[in-house]
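Asks: prediction below, plus the sequence it came from.
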Amino acid sequence: MELNDGNLQTLTEFMRKTLDPDPSVRRPAEKFLESVEGNHNYPILLLTLLEKSQDNVIRVCAAVTFKNYIKRNWRIIEDEPNKISDPDRTTIKANIVNLMLSSPEQIQKQLSDAISIIGREDFPMKWPDLLTEMVTRFQSGDFHIINGVLRTAHSLFKRYRHEFKSNELWLEIKLVLDTFANPLTELFKATIELCQTHAMDINALKILFSSLTLISKLFYSLNFQDLPEFFEDNMETWMSNFHNLLTLDNKLLQTDDEEEAGLLELLKSQICDNAALYAQKYDEEFQPYLPRFVTAIWNLLVSTGQEVKYDLLVSNAIQFLASVCERPHYKHLFEDQNTLTSICEKVIVPNMEFRSADEEAFEDNSEEYIRRDLEGSDIDTRRRAACDLVRGLCKFFEGPVTAIFSGYVNSMLGEYAKNPGVNWKHKDAAIYLVTSLASKAQTAKHGITQANELVNLTEFFVNHILTDLKSQNVNEFPVLKADAIKYVMIFRSQLPKEQLLQAVPLLVAHLQAESTVEHTYAAHALERLFTMRGPNNSTLITPTEMAPFTEQLLNNLFKALALPGSSENEYIMKAIMRSFSLLQEAIVPYIPTLIGQLTHKLLLVSKNPSKPHFNHYLFESLCLSIRITCKANPTTVGSFEEALFPVFTEILQNDVQEFVPYVFQVMSLLLEIHTSSIPNSYMALFPHLLQPVLWERTGNIPPLVRLLQAYLEKGAATIASSAADKIPGLLGVFQKLIASKANDHQGFYLMNSIIEHMPTESIVQYRKQIFILLFQRLQSSKTTKFIKSFMVFINLYGVKYGAIALQEIFDSIQPKMFGMVLEKIVIPEVQKVSGPVEKKICAVGITKILTECPAMMDTEYTKLWTPLLQALIGLFELPEDDSIPDDEHFIDIEDTPGYQTAFSQLAFAGKKEHDPIGDAVSNPKILLAQSLHKLSTACPGRVPSMLSTSLNAEALQYLQGYLQAASVQLV
């Protein structure tokens with residue numbers, strides 16, 4: 001693409017269309033931009049637009065498009081084409097910093113993000129002058145530019161907070177500190193001086209305080225991994241200034257807004273974080289400063305109001321106290337009973353109250369409320385911080401703290417009992433206090449795993465929780481109902497089973513509550529209860545125990561999806577999935593009605609997929625309906641296809657990228673269930689599956705390979721007779737896959753199915769070419785994964801076509817090639833093959849080479865016979881990997897490594913491991929013994945003499961064992 005006005009104009013028009021609410025205008029424009037983004041100069045055109053366009057909307061749109069383009073394409077992935085040309089990369093790096101610093105703030109933020117994405121890949125090795133270019137701008141005196149530099153540095157360095165320690169990381173941080181630490185400290189001091197000079201100028205203060213906040217964030221990132229020598233030497237400068245800023249109260253910077261944190265709050269919050277970091281990690285060096293920070297932060301907590309704008313500040317301040325109180329050598333600061341009482345009374349209890357802002361969120365912004373309360377993204381809420389402080393104090397003072405709070409809990413419950421309608425918030429706080437007191441250790445999988453012995457959870461459940469769950473009106477006091485449900489959920493591992501069973505029908509009833517939070521919690525609690533393990537690795541709650549409530553459960557779950565605000569509620573969909581998985585055949589009578597509701601839902605969400613987890617559980621639920629129903633009656637597969645294919649066709653035709661890999665997985669599952677020949681509806685789709693464009697997207701590869709394997713398993717003869725012209729296309733896919741280090745194993749899966757199922761005559765003409773391709777790849781890059789797959793493939797070939805055919809095809813490519821492969825690959829590497837089926841294929845294949853290939857007995861290959869046998873015995877006697885994979889019912893979808901946007905493996909579309917040899921060989925060791933016996937009968941004396949001269953004693957002993965087990969002898 002040339003850098004000219006015509007192209008700029010075209011891009012502008014398409015950008016404008018991507019903002020159009022009408023999908024028929026927006027989608028084609030997005031497709032066009034996607035189609036040209038590989039062109040040379042495309043990113044430069046975007047940068048030109050964001051710099052020079054007269055239309056502000058287009059400038060911002062170009063900035064966002066540019067950032068997303070960089071995010072998708074900057075990283076160079078091995079084996080994949082470089083998506084941005086080198087000249088474009090150089091031009092971008094040469095201009096982006098200047099452009100970012102001279103742009104308005106909205107665009108500056110996007111470019112700053114883009115720089116940090118590029119920096120993550122290229123800095124420092126491929127972009128050595130980035131930092132010096134940024135640091136020199138500190139001298140400019142223009143705080144618009146300085147803040148641009150600080151913001152970019154922050155997005156570049158904040159990853160130091162969660163990177164694992166490594167030499168590369170240390171070297172990079174050292175380089176950054178050498179260049180950046182001193183200028184940053186000087187800027188910090190200068191900015192503080194300017195704050196005093198401009199103390200009465202509100203506009204100047206706003207800019208300076210946003211600089212101080214960014215500087216404080218950078219301080220946190222640069223000090224996170226270890227205490228740098230520079231900062232240790234300059235601790236006095238930083239800490240005394242931090243302390244002064246904490247106690248500063250400039251009236252001009254106080255805001256009237258009750259919701260949004262002001263600059264003063266943001267700066268003080270970050271300073272609390274910095275102090276907590278030093279108190280936790282560098283307590284020895286920080287000791288001289290600690291008492292004054294404790295005093296300053298305590299005063300801050302006691303004097304700060306309940307408004308939402310102070311939430312971050314208060315929670316960070318409490319987190320500071322929490323991190324200090326659990327360190328053994330600060331214990332003395334908290335020992336006094338009066339201090340403990342004062343902390344409980346003045347800090348913890350007030351910050352556990354359910355405020356009107358929380359009530360508003362509960363009612364009007366339920367999604368955010370759930371995210372914070374259930375998913376633990378409530379790090380910056382007051383309640384969470386207060387809860388952490390309770391835990392911290394309990395570490396050394398469990399007895400006194402529990403005693404102080406028990407008094408509070410009882411008085412709160414007493415207040416509630418006097419007038420529930422008015423005082424319900426007292427009970428809410430009491431439940432929260434009990435929860436934070438009782439929980440010592442928690443995991444997502446099991447809820448609370450370790451509880452405070454001093455709190456009687458069961459008694460509290462019976463007296464205070466059950467009453468709320470049993471109340472006839474599910475819509476009365478929704479906050480208390482949600483609290484009660486959450487109590488069951490988090491203490492599920494502590495409560496006895498009979499109480500959980502008592503709770504189940506009550507939770508099912510709460511699925512009908514109008515409150516989104518309440519019915520979501522009910523769904524989530526049921527889903528968690530259904531994953532609890534009982535004896536013998538089965539579920540704690542059995543399908544039989546669920547029988548009385550099954551119909552109600554399924555009805556209420558599906559009705560809940562129709563409640564306002566929950567049409568794509570991922571917790572409800574996950575509960576549907578888990579209920580199907582728990583109940584198994586008990587759901588069969590309901591499936592005819594439920595499948596209609598699921599496909600209708602699928603049709604709706606496919607128009608605009610926006611909730612990845614919801615969509616994932618929806619497809620999992622479809623897979624479960626199919627598997628459970630067809631297990632009971634395989635002929636019902638046709639009715640599932642009738643229901644699903646119209647929606648699938650629409651998804652594939654509209655290329656709904658997020659759903660295509662799922663559709664392929666469900667189709668594989670359906671096709672694998674068919675017992676007779678392949679239906680015509682599938683054959684019509686077959687040519688489309690070989691289109692190169694489908695294979696461009698990495699997310700499509702695993703499910704497409706599996707689908708093609710299902711085609712080969714069920715319809716190889718049909719493909720050979722009615723679609724023989726498509727075989728080169730099939731081999732083209734194989735060729736593309738084995739060229740890639742990331743996907744070569746998928747290529748082998750496909751080829752192994754071709755070898756196993758396709759009629760011999762249909763692929764005979766391609767065989768030599770297949771082997772040549774594999775050798776080319778071996779020469780260009782020989783990875784362990786490739787070698788293992790290659791070994792399985794050649795042995796499967798030997799099993800299918802015989803050892804002689806294998807030796808002949810190798811030697812037809814190049815004389816003596818067969819011996820080279822045995823010597824250089826099979827003998828030294830076969831021990832690396834893992835997996836029971838893979839090992840079995842190799843064992844049977846090698847046995848055939850040893851005993852059914854005359855060339856091994858009478859040519860220069862004979863010297864390899866004993867080493868090959870020794871390698872095979874080694875494969876047999878290696879320790880087995882006997883770890884049993886987790887039952888799919890208990891799998892937490894987000895924990896599976898396959899869960900990513902590109903390709904989400906459906907746990908319940910699970911493919912059973914296929915053994916191409918099957919029952920023909922049950923024990924390969926016996927097969928080896930029998931085959932050696934047969935060989936020795938054909939040429940008496942040869943085999944024992946070869947064994948006695950060169951097989952080592954240990955291997956010989958194992959072999960004797962196999963011969964005895966097979967009741968045969970060598971002649």
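Replies: Perfect, I can see it now.
Asks: wait, is A742 part of a helix?
Replies: No - using DSSP: H, G, I helix; E, B strand; the rest coil, the secondary structure at A742 is coil, not a helix.
Asks: tally of neighbours for it?
Replies: Using other CB atoms under 10 Å, A742 has 14 neighbouring residues. The way it works is simple: take the backbone N, C-alpha and C, and place the C-beta from them, glycine included.
Asks: doesn't D79 make contact with it?
Replies: Yes - with contact defined as CB atoms under 8 Å, A742 reaches D79; the gap is 6.0 Å.
Asks: can you tell me how far the nearest residue to K109 once chain neighbours are set aside is from K217?
Replies: The shortest distance from K109 to any non-neighbouring residue, by CB to CB, 6 or more residues apart in numbering, is to R151 (7.1 Å). Distance from R151 to K217, counting by CB to CB, to the nearest Å: 9 Å.
Asks: ditto for E838
Replies: E838 sits 51 Å away from K217, taking CB to CB as the criterion.
Asks: also I271?
Replies: 10 Å.
Asks: the two: which is more packed in?
Replies: Taking neighbours as other CB under 10 Å, I271 and K217 compare with I271 leading, 29 against 23.
Asks: helix, strand, or coil at that one?
Replies: On the three-state scheme (three-state DSSP), I271 is labelled helix.
Asks: how about it: what's its closest non-neighbour residue?
Replies: F242 (4.8 Å).
Asks: hang on, the one you found packs against A276?
Replies: No - the pair F242 / A276 is not scored as a contact, 11.8 Å apart, by CB under 8 Å.
Asks: more neighbours: which of the two?
Replies: Remark: of F242 and A276, F242 carries more neighbours, 24 against 21, as counted by other CB under 10 Å.
Asks: quickly find the element holding the more buried one.
Replies: Using DSSP states H and E, F242 falls within helix 235-247.
Asks: now do that helix: distance to the chain's middle.
Replies: Helix 235-247 has its C-alpha centroid displaced from the chain centroid by 40 Å (CA atoms, centre = their mean, to the nearest Å).
Asks: buried ones in stretch 608-625?
Replies: Within stretch 608-625, the residues that count as buried by 16 or more other CB atoms under 10 Å are 613-625.
Asks: for H933, give me its contacts.
Replies: Contacts for H933 (CB atoms under 8 Å, 6 or more residues apart in numbering) come out as 963, 966, 968-971.
Asks: among those residues, which are located in strands?
Replies: With DSSP state E as the criterion, strands contain none of the contacts of H933.
Asks: how about JSON lines for those, with pLDDT, distance to L8 and neighbour count added?
Replies: Listed next are the contacts of H933 as JSON lines, based on pLDDT from 0 to 100; distance: CB to CB, whole Å; neighbours: other CB atoms under 10 Å:
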{"residue": "L963", "pLDDT": "96", "distance to L8": "81", "neighbour count": "19"}
{"residue": "A966", "pLDDT": "96", "distance to L8": "79", "neighbour count": "18"}
{"residue": "V968", "pLDDT": "95", "distance to L8": "82", "neighbour count": "18"}
{"residue": "Q969", "pLDDT": "93", "distance to L8": "86", "neighbour count": "13"}
{"residue": "L970", "pLDDT": "92", "distance to L8": "82", "neighbour count": "18"}
{"residue": "V971", "pLDDT": "89", "distance to L8": "86", "neighbour count": "16"}
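Asks: export these as JSON lines, with columns for distance to T949.
Replies: Listed next are the contacts of H933 as JSON lines, based on distance: CB to CB, whole Å:
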{"residue": "L963", "distance to T949": "18"}
{"residue": "A966", "distance to T949": "23"}
{"residue": "V968", "distance to T949": "21"}
{"residue": "Q969", "distance to T949": "19"}
{"residue": "L970", "distance to T949": "14"}
{"residue": "V971", "distance to T949": "17"}
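Asks: ok, these vs L947, which is closest?
Replies: Nearest to L947 among the contacts of H933 is L970, at 7.5 Å by CB to CB.
Asks: tell me the spacing between the closest one and T847.
Replies: From L970 across to T847, the span is 15 Å (CB to CB).
Asks: over to E186?
Replies: E186 sits 75 Å away from T847, going by CB to CB.
Asks: okay, the two: which has more neighbours?
Replies: Between E186 and T847, counting by other CB under 10 Å, T847 is the more crowded of the two (26 against 13).
Asks: the more buried one sits in which helix or strand?
Replies: Under the criterion of DSSP H and E, T847 resides in helix 836-852.
Asks: run through the neighbouring helices and strands of that helix.
Replies: Contact analysis of helix 836-852 by 3 or more CB pairs under 8 Å, 6 or more residues apart in numbering; DSSP states H and E lists helix 784-801, helix 803-813, helix 865-877, helix 924-938 as its packing neighbours.
Asks: now distance to K31 and mean pLDDT too, for those, in a markdown table please.
Replies: Listed next are the helices and strands packed on helix 836-852 as a markdown table, based on distance: least, CB to CB, whole Å; pLDDT from 0 to 100:
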| stretch | distance to K31 | mean pLDDT |
| --- | --- | --- |
| helix 784-801 | 35 | 96 |
| helix 803-813 | 44 | 97 |
| helix 865-877 | 51 | 95 |
| helix 924-938 | 53 | 96 |
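Asks: make CSV out of the ones you listed and add distance to K395.
Replies: As requested, those are exported to CSV (distance: least, CB to CB, whole Å):
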stretch, distance to K395
helix 784-801, 47
helix 803-813, 66
helix 865-877, 51
helix 924-938, 57
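Asks: most tightly surrounded among those helices?
Replies: helix 784-801 (a mean of 21; mean count of other CB atoms under 10 Å).
Asks: got the angle for that one vs helix 803-813?
Replies: 120 degrees (axes from the mean of the first three to the mean of the last three CA atoms, to 10 degrees).
Asks: relative to the whole chain's centre, how far out is helix 784-801?
Replies: Using CA atoms, centre = their mean, the offset of helix 784-801 from its chain centre is 32 Å.
Asks: about what we covered before: got the buried residues for the helix holding T847?
Replies: 838-852.
Asks: quick one: name whatever helix or strand follows that helix.
Replies: Next in sequence after helix 836-852, counting helices and strands by DSSP H and E, comes helix 855-858.
Asks: packing partners of that next one?
Replies: Packed against helix 855-858 by the contact rule (3+ CB pairs under 8 Å, 6+ apart) you find helix 865-877.
Asks: and the helix it packs on, how far out from the chain's middle?
Replies: For helix 865-877, the distance to the chain centre is 41 Å (CA atoms, centre = their mean).
Asks: can you list contacts of stretch 150-160?
Replies: 97, 100, 108-109, 112-113, 115-116, 119-120, 123, 134, 169, 173, 176, 180, 211, 214-215, 217-218, 221-222, 224-225.
Asks: from these, which would you call buried?
Replies: 97, 100, 108-109, 112-113, 115-116, 119, 123, 134, 173, 176, 180, 211, 214-215, 217-218, 221-222, 224-225.
Asks: inside helices: which ones of the residues you listed?
Replies: Members of these lying in helices (criterion: DSSP state H): 97, 100, 108-109, 112-113, 115-116, 119, 134, 173, 176, 180, 211, 214-215, 217-218, 221-222, 224.
Asks: so how far is the top helix by length along the chain off the chain centroid?
Replies: Ranked by residue count, the top helix of the chain under DSSP H comes out as helix 382-418. Computed by CA atoms, centre = their mean, the chain-centroid distance of helix 382-418 equals 36 Å.
Asks: same thing with stretch 702-719?
Replies: 29 Å.
Asks: what does stretch 98-111 give?
Replies: How far stretch 98-111 lies from its chain's middle: 31 Å, per CA atoms, centre = their mean.
Asks: likewise for stretch 111-127?
Replies: 24 Å.
Asks: okay then, goodbye and thanks.
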